[in-house]
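A.B. asks: no sequence on hand, only this structure:
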């Protein structure tokens, strides 16, 4: 009988995870089935309990259940602890182990797929929500010369900086103060939800000066206002989050199955042209 895995979210119809993991399974010769589960908004634990009784081995987590999954687990990886959320669970008897591969997937997409070094570089992160939080530790482990975290609500960025103090050179700023800090960033990452609303964060005009990469965490949206602004300022490389999506999936697959699939083909299949 094939091992069972799934992604759970609400809504879930948009999810690319069944396609991604199905492709990974064929590539690596793994005998598994992977499905999508629309979890009830107030019944996450009960639905996952049911899935486990059906013999499930693991679960990917998408919105709005990453905090629920974190609370449901009885073992937490360091990445999950630092992110305060889980995007992946592994079931082994009574053990429910939580991981968070979002930040690791993002770093791998930037450094391997896009070939952009982060070590010794100046990195700007827009936003201080869950997406930014999950990326902070993997980013700091790349040892940038400076990581600047900017947010509309400065207190949220300050709280994150205090939590991650000691892991690396982390600076916080509001958007209004950003112009004074900007001596040029090598990598600019948009971890806000502005692009989902078709909006641009309130960036000063010099933010993209000399940047090698502008990275939009949202995926499948084409040329978002953030990427349009970066292109207008002459940024050499533009990317959206499809590579991060596939890379975090590959990390989960390897954690579950002990074999890491190739990602290039899947990224190419899912990429929406930035035009």
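C.D. replies: Cool, got the structure. The shown structure was predicted, so the numbers you read here are calculated from the model rather than taken from an experiment.
A.B. asks: contacting residues for residue 48?
C.D. replies: Contact analysis of residue 48 by CB atoms under 8 Å, 6 or more residues apart in numbering lists 8, 39, 59, 69, 72, 89. Placement of C-beta: from N, CA and C, glycine included.
A.B. asks: what's the distance between the second one and residue 86?
C.D. replies: It refers to residue 39. Residue 39 sits at a distance of 14 Å from residue 86 (criterion: CB to CB, to the nearest Å).
A.B. asks: could you pull out the strands for this structure?
C.D. replies: Ranges of strands within the chain are 3-9, 32-38, 56-61, 75-76, 88-92, 95-99, 122-126, 146-150, 170-173, 187-190, 213-216, 237-239, based on DSSP state E.
A.B. asks: out of those, which comes closest to residue 158?
C.D. replies: Residue 158 lies closest, by CB to CB, to one member of the strands of the chain: strand 170-173, at 5.4 Å.
A.B. asks: how far off centre is the closest one?
C.D. replies: 20 Å (CA atoms, centre = their mean, to the nearest Å).
A.B. asks: and if you look at stretch 44-54?
C.D. replies: When distances are taken as CA atoms, centre = their mean, stretch 44-54 is centred 25 Å away from the chain's centroid.
A.B. asks: what's the neighbour count on the nearest residue to residue 70 once chain neighbours are set aside?
C.D. replies: The shortest distance from residue 70 to any non-neighbouring residue, by CB to CB, 6 or more residues apart in numbering, is to residue 86 (4.4 Å). Here the number of neighbours of residue 86 (other CB atoms under 10 Å) works out to 31.
A.B. asks: rewinding a little: kindly reformat the contacts of residue 48 as a markdown table containing distance to residue 229 and neighbour count.
C.D. replies: Formatted as a markdown table, the contacts of residue 48 follow (distance: CB to CB, whole Å; neighbours: other CB atoms under 10 Å):
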| residue | distance to residue 229 | neighbour count |
| --- | --- | --- |
| 8 | 35 | 24 |
| 39 | 36 | 25 |
| 59 | 37 | 28 |
| 69 | 34 | 27 |
| 72 | 40 | 18 |
| 89 | 38 | 28 |
